[in-house]
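S.K.: coordinates for the following, if possible.
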Amino acid sequence: MYIARCSVNLGNEQRVIDQGQAVLNALAHETDHKKIAAVHADIAAAQLRIGDLNEGIASGRLALETAQRTESRWAF
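M.R.: All right, here's what the predicted structure looks like:
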């Protein structure tokens, strides 16, 4: 599976965004929200680096909400 974080550090933000979306589509039925949260965070970082603040904030919010769902599942 593609790890978006590698490309963010190399400066290929649009590739991170595009491939991150593909990974999210592939993980659509995944129950491990931790993976999904990490991909949303990578996409958010790439969007913020290219100056797309609204989308970056939205993706960051999705990453946080998804991570919080993971934590709440552990409590049960």
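
S.K.: what number of residues lie near H29?
M.R.: Per other CB atoms under 10 Å, the neighbour tally for H29 reads 5. No exception for glycine: its C-beta is placed from N, CA and C like everyone else's.

S.K.: Q21 is in contact with D42, isn't it?
M.R.: No - between Q21 and D42 there is no contact under CB atoms under 8 Å: 10.7 Å.

S.K.: comparing the two, which residue is more hemmed in?
M.R.: Counted by other CB under 10 Å, Q21 and D42 do not tie: D42 has more neighbours, with 25 against 13.

S.K.: elements contacting whichever helix or strand that one is part of?
M.R.: D42 is part of helix 33-49, with elements assigned from DSSP states H and E. With contacts defined as 3 or more CB pairs under 8 Å, 6 or more residues apart in numbering; DSSP states H and E, the packing partners of helix 33-49 are helix 4-10, helix 13-26, helix 53-75.

S.K.: what is the mean pLDDT for that helix?
M.R.: Averaged across helix 33-49, pLDDT comes to 94.

S.K.: hang on, isn't Q47 packed against G20?
M.R.: No - with contact defined as CB under 8 Å, Q47 does not count as touching G20 (9.6 Å).

S.K.: so between the two, which is more surrounded?
M.R.: G20 (27 against 23).

S.K.: distance of that one from L27?
M.R.: Distance, G20 to L27, using CB to CB, to the nearest Å: 10 Å.

S.K.: what does Q19 give?
M.R.: 12 Å.

S.K.: re earlier: list the contacts of the helix holding D42.
M.R.: Contacting residues not belonging to helix 33-49 are listed as 4-5, 7-8, 13-14, 16-17, 20-21, 23-24, 27, 30, 53, 55-60, 62-64, 66-67, 69-70, 73 [CB atoms under 8 Å, 6 or more residues apart in numbering].
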